[in-house]
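Asks: Predicted structure and sequence below. I'll ask about it afterward.
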There are 2 protein chains.
Amino acid sequence: MDSVDGGGGELAVVPADLFDDVSFLLARANALSLAAGNAALGAGGLRVRSYSVLALAAGGRRPSQRELAELLRLDPSQVVALVDDLQSRGLVIRRPDPSDRRANVVIATEDGRIAYAAAAASVSEAQNNLLGGLSAGERTQLAALLRRLAFPG
Amino acid sequence: MDSVDGGGGELAVVPADLFDDVSFLLARANALSLAAGNAALGAGGLRVRSYSVLALAAGGRRPSQRELAELLRLDPSQVVALVDDLQSRGLVIRRPDPSDRRANVVIATEDGRIAYAAAAASVSEAQNNLLGGLSAGERTQLAALLRRLAFPG
DNA sequence: CGAAGATAGTTGAGATTGTCAATCATTGAT
DNA sequence: ATCAATGATTGACAATCTCAACTATCTTCG
C-alpha cells in the first residue's frame, strides 16, 4: 500500500517513491523510446505514428482502419489523417473490404514496403540502443510482461 | 535481426511481429495507463501530468522546475504552465532556492498534500486494476526492468 | 575584479496530438 | 422493412510538444 500510514508517520507521506510506480516508469520509458524512435526516423518524413501504421500495413494482417485505431489506441479520426498522409505519399492504399463495404483495408504498396524496411532498420538500431542495458533474456521477459499490460484479454 | 532476409524470402518482411516490439508495447501500455489514470483523477480537476508534478512536490525531494522537467521528460516551459496551474489552485508554492537564486523549488502546500493523498488513492486503485493480471513479484520485476529503461545511468 | 559562456525560469508561436460530436453509408438484427 | 450499431470521415476544440527568444543569475577564467 502506498497510502498514508495511520499513526505516527513522519514526513514519509510519499507513496513508495514515484520511482517504484509502474505508471510513472512506463511514461518515462515511453517518452524516451518515442524520442529515440522519432530521432531515428528523422530524415524520411516518417514519425513513430505513421511508421507504426506502415508497419501494420506492411504485415500480413490487412488491418482495417478500425483495427489500426484499436491497436494503436488512437481515435478513428486520427487514423484517417495518418492513412491520408501515407496514401498521399504512395506508401499505402485503401482497399474496400469485400466482406464489409463500410470498412477499408489498409495495405502497404511496394514503395511502402521498401520505405518500411529502410525505416525499420533505423528504428531497430535505435531501439537496440535504448535496450542496451538489458540482456536478451531480460528483453523478452520485459516484452512478455508489457504484453500482458498492453493486451489484457 | 529483423531485417529482410537476403534471398528467397516470401512475404515475411514483417519484423518479428509488432507484438514483440518493446517500443510498441510500451506505447500501448502507456496509453492504457494514461487513460486509466486520467479517468481515475477525472473529478478533481487534476490530470496525470499535474498529478505527477504534485506527487513530486509532495515528496521530500524539493525539486526545482528544471528537475521536474527532467524527471517527467517535459520541456521547461511546460513545467511553468503546470506549476502555474497548481499554484493558482493553492496546491503548490514556488520558493526561491537559497543556494541558487535562479531556481525555484516547488513544494506542496498543506492543501496540496491533502489533494494529493486523495488523488493518490484513486490512482493507485486504477493502477492496481491495470496491473491486475500480474502477481506482486511480476510487478516488482516489471518495475525493475522499466526503471533500467527509464533511467539509464 | 570583470567579461563570457552556461543555466533556470519565463514567454510566445507553431506544430502535433488527443478528444468529442455529428454525419453518411453500410451492416445486423428484429 | 425498420432500426440500432458500426466503419469511416469531417470539423472543432483542448492538450501537448517543440523551438526560439529573453531576463536573471551563476560559473569560469583571464
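Replies: Cool, the structure landed.

Asks: residues in contact with residue A:50?
Replies: The contact partners of residue A:50, by C-beta atoms under 8 Å, 6 or more residues apart in numbering or on different chains, come to A:82, A:85-86. Every C-beta, even on glycine, is put in place using the N, C-alpha and C of the backbone.

Asks: Which of those residues sits closest to residue B:135?
Replies: residue A:82 (37.1 Å; C-beta to C-beta).

Asks: Which neighbouring elements make contact with the helix or strand containing the closest one?
Replies: Applying DSSP states H and E as the criterion places residue A:82 in helix A:76-88. Where contact means 3 or more C-beta pairs under 8 Å, 6 or more residues apart in numbering or on different chains; DSSP states H and E, helix A:76-88 is packed against helix A:48-58, helix A:65-72, strand A:92-96.

Asks: give me that answer again for 10 Å
Replies: Contacting helix A:76-88 under the criterion 3 or more C-beta pairs under 10 Å, 6 or more residues apart in numbering or on different chains; DSSP states H and E are the following elements: helix A:48-58, helix A:65-72, strand A:92-96, strand A:104-108, helix A:110-130.

Asks: Would you tell me which one of the ones you listed is buried the most?
Replies: Each of those was given a mean neighbour count from mean count of other C-beta atoms under 10 Å in any protein chain shown, and the largest, a mean of 23, is that of helix A:48-58.

Asks: can you pull the buried residues of stretch A:24-43?
Replies: Residues of stretch A:24-43 classed as buried under the neighbour-count rule (16 or more other C-beta atoms under 10 Å in any protein chain shown) are A:24-34, A:36-38, A:40-41.

Asks: Can you tell me which of the residues you listed is closest to residue A:125?
Replies: Each of these was checked against residue A:125 using C-beta to C-beta; the closest is residue A:40, at 6.8 Å.

Asks: wait, the closest one sits on residue A:122?
Replies: Yes: in terms of C-beta atoms under 10 Å, residue A:40 counts as a neighbour of residue A:122; the distance is 4.3 Å.

Asks: Give me the common contacts of these two.
Replies: Where contact means C-beta atoms under 10 Å, 6 or more residues apart in numbering or on different chains, the residues bridging residue A:40 and residue A:122 through contact with each are A:46, A:51.

Asks: so who does residue A:84 touch?
Replies: Counted by C-beta under 10 Å, 6+ apart, residue A:84 has contacts A:92, A:94.

Asks: For the helices and strands packed on helix A:76-88, could you give me TSV that also reports distance to residue B:64?
Replies: Written out in TSV, the entries for the helices and strands packed on helix A:76-88 read as follows (distance: least, C-beta to C-beta, whole Å):
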stretch	distance to residue B:64
helix A:48-58	30
helix A:65-72	36
strand A:92-96	46
strand A:104-108	46
helix A:110-130	27
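
Asks: what's the closest of those to DNA strand C?
Replies: helix A:48-58 (4.4 Å; C-beta to the nearest atom of the strand).

Asks: and that closest one, is it in reach of DNA strand D?
Replies: No: counting by C-beta under 7 Å from any atom of the strand, DNA strand D is not contacted by helix A:48-58; separation bottoms out at 9.9 Å.

Asks: Export only the CA atoms of that helix, formatted as PDB.
Replies: C-alpha atoms of helix A:48-58 as PDB (Å, rounded to 0.1, in the frame of the first residue of the first chain):
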ATOM      1  CA  VAL A  48       6.700   7.000 -35.000                       C
ATOM      2  CA  ARG A  49       3.000   7.200 -35.500                       C
ATOM      3  CA  SER A  50       3.000   6.900 -39.300                       C
ATOM      4  CA  TYR A  51       5.700   4.300 -39.000                       C
ATOM      5  CA  SER A  52       3.600   2.100 -36.800                       C
ATOM      6  CA  VAL A  53       0.700   2.400 -39.300                       C
ATOM      7  CA  LEU A  54       3.000   1.500 -42.100                       C
ATOM      8  CA  ALA A  55       4.400  -1.400 -40.200                       C
ATOM      9  CA  LEU A  56       1.000  -2.900 -39.600                       C
ATOM     10  CA  ALA A  57       0.000  -2.200 -43.200                       C
ATOM     11  CA  ALA A  58       3.200  -4.000 -44.400                       C
END
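
Asks: Flag every residue of chain A that's near DNA strand C.
Replies: A:47-49, A:74-75, A:77-78, A:100-102.

Asks: I appreciate the help and will end here.
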